[in-house]
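>>> attaching a predicted model along with its sequence, questions to come.
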Amino acid sequence: MPIPCQRELFDVSEDVAYFDCAKMSPLLKAAAEAGISGLMRKARPWEIKAEHFFDESDRVRALFARLIGAAADDVAIIPSVSFGMATVLQNVTVAASQSIVTLAEDFPSTVYAARWLASQADARLVKVARPLDGDWTPAILDAIDGSTALVCTPNVHWVDGGVIDVQAVARRCRSVGAVLVLDTTQSTGALPIDIREVDPDYLVAASYKWLLGPYSLGFLYAAPRHQQGRPLEQGWIARAGARDFRTLMDYGEALDPTARRFDMGERSNFALLPVAGAALEQILDWGVASIAETLGSVTAAIFQRLEAEGLVSPQAARPAPHYLSLRFPIGVGEDIEERLANENVHVSLRGDRMRITPHLYNNEADMERLIAGLRRHL
Ligand SMILES: Cc1ncc(COP(=O)(O)O)c(C=O)c1O
């Protein structure tokens, strides 16, 4: 079911045409309010009880888990994708004769992590080139063979918006015994994914884009078969006995037996968790499939208008519904992003592409302003 425009739930004024959710989503008003009350609890710390170090994080963990079809026990709370990747990669064994597969122009937090592991293990780094027809999946499948130890891929490429069939990639990884880690920062919340069907080893997602959440908060899914792994940090809250504050100095070695062991230190962030919780509740209420359908009709309408005017080159083979990544037959000036921003029309340039990424706050008037702006500045 398409969702009607939800602008009144956001603090986006009528003079702003914001098409840059892939860079950073605005907060829902309700989420911002939840964050402010959360922050203000720290003004009265005597009201913060021992259970508050656990309850809110477990509530938010469970909401994220529901979104991807996982259990709360499978989800760790992390500050960033780079933290999540570092956690994952220190639990992956790669031998010198093996390879690590990444995608050309993938997000740096993944690429640097993969490069680091390859250099530590003296392993080969295989970079899948962007296919001419824009369809990443066959190219990734081709790059995976008996020597592959690890595959790092998004399910929507952050530059071109291409959708990767992660279920097919996961099947191929399993058939050769490779570990699969997904970065779904550019899709979870806007494109359905079911962990039970895909069964990756790990999944990481930052919350400040399509999860409509705060900056400095994200999630790491670890399949139950990996929940005996080593956390990145040696904090107290990831230990099995963390709930009993009076006996913390017994220094019990046992880690939490679930993915909670991978939680970052101070994960019980009283200001950020309520923001993420309010946003996840709203996303679950709208339904991710309905969000995808609605945003898909917005991006399709924009593309059709620009194509009819001969302003854009054809799109990638499998663009994500929420993601318009445009190339232009005559190229674009370096300053086009700034010129549009000066008119309060917001998009982002990545490589030779312009990302136009709407959300439910966008309305018809935004679309007209975007198209008029592009007509003027292209
Ligand atoms: C695909 C992808 N992954 C991760 C991130 C953010 O990474 P980090 O949380 O390490 O800053 C971004 C931000 O643009 C992204 O597009």
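Looks like it arrived, so ask away.
>>> R115 is in what secondary structure piece?
Assigned by DSSP states H and E, R115 belongs to helix 108-121.
>>> does the ligand have contacts with that helix?
Yes: contact of helix 108-121 with the ligand (Cβ under 6 Å from any ligand atom) involves S109. C-beta coordinates here come from the backbone N, C-alpha and C atoms, glycine included.
>>> what's the burial count for A96?
8 (other Cβ atoms under 10 Å).
>>> any idea of the pLDDT on it?
With respect to pLDDT, A96 scores 97.
>>> show me how the record splits this protein into domains.
For the chain, the structural domains run 7-22+287-377, 34-285, going by automatic domain parsing.
>>> near the ligand, which residues of the stretch 1-150 of the chain?
S80, V81, S82, F107, S109.
>>> for the next helix or strand after the helix holding R115, name the packing helices and strands.
Under the assignment DSSP H and E, the closest C-terminal helix or strand after helix 108-121 is strand 124-128. Judged by 3 or more Cβ pairs under 8 Å, 6 or more residues apart in numbering; DSSP states H and E, the packing partners of strand 124-128 are strand 99-103, helix 108-121, helix 136-143.
>>> need the winner for burial among the ones you listed.
Among those, strand 99-103 has the highest mean neighbour count (mean count of other Cβ atoms under 10 Å), at a mean of 24.
>>> now the angle from it to strand 124-128?
Relative orientation of strand 99-103 versus strand 124-128 (axes from the mean of the first three to the mean of the last three Cα atoms, to 10 degrees): 30 degrees.
>>> how far off centre is strand 99-103?
Distance of strand 99-103 from its chain centroid, counting by Cα atoms, centre = their mean, to the nearest Å, is 19 Å.
>>> assumed V88 was part of a helix.
Yes: the assignment for V88 (DSSP: H, G, I helix; E, B strand; the rest coil) places it in a helix.
>>> wait, it sits on R230?
No: the criterion here is Cβ atoms under 8 Å, and V88 misses it with R230 at 10.7 Å.
>>> comparing the two, which residue is more hemmed in?
Taking other Cβ under 10 Å, V88 and R230 do not tie; V88 has more neighbours (25 against 11).
>>> please name the nearest non-neighbouring residue to the more buried one.
Spatial nearest neighbour of V88, chain neighbours left out: Y202 (4.6 Å); criterion: Cβ to Cβ, 6 or more residues apart in numbering.
>>> stretch 101-110: end-to-end distance?
End-to-end span of stretch 101-110 (Cα to Cα, to the nearest Å): 11 Å.
>>> just the angle for the helix holding R115 relative to strand 99-103, thanks.
Taking the same axes, to 10 degrees, one finds helix 108-121 and strand 99-103 inclined to each other by 160 degrees.
>>> which other residues reach helix 108-121?
80-82, 85-86, 88-89, 92, 94-96, 98, 100, 102, 123-125, 150, 152, 154, 183 (Cβ atoms under 8 Å, 6 or more residues apart in numbering).
>>> wouldn't L255 be in contact with R261 here?
Yes: in this structure L255 lies within contact range of R261 using Cβ under 8 Å: 4.1 Å.
>>> higher neighbour count, the two?
Taking neighbours as other Cβ under 10 Å, L255 and R261 compare with R261 leading, 22 against 19.
>>> residue contacts, that one?
Contacts of R261 (Cβ under 8 Å, 6+ apart): A76, Q227, G229, P231, A238, L255.
>>> the third one belongs to a strand?
Pointing back at G229 there. No: counting by three-state DSSP, G229 falls outside a strand, being coil.
>>> can you count the residues close to the nearest residue to it once chain neighbours are set aside?
Distances taken as Cβ to Cβ, 6+ apart place N91 nearest to G229, at 3.9 Å, with adjacent residues excluded. Applying other Cβ under 10 Å, we find 17 residues neighbouring N91.
>>> ok so N91 is a helix residue?
No: secondary structure assignment places N91 outside any helix; it is coil (three-state DSSP).
>>> relative to the ligand, how far out is it?
Plainly put, N91 is 18 Å away from the ligand if you go by Cβ to the nearest ligand atom, to the nearest Å.
>>> from what I see, that residue and P231 are in contact.
No: counting by Cβ under 8 Å, N91 stays clear of P231, with 9.2 Å between them.
>>> which residues in this structure form strands?
Taking DSSP state E to define them, one finds strands in the chain at 17-18, 75-78, 99-103, 124-128, 148-154, 179-183, 202-206, 218-222, 324-326, 345-346, 348-350, 353-356.
>>> contacts for the third one next, please.
Counting by Cβ under 8 Å, 6+ apart, the neighbours of strand 99-103 from elsewhere in the structure are 94, 110-111, 114, 117-118, 123-128, 130, 136, 140, 143-145, 147-154, 157, 178.
>>> from what I can see L211 touches A276, true?
Yes: assessed by Cβ under 8 Å, L211 is found in contact with A276 at 7.1 Å.
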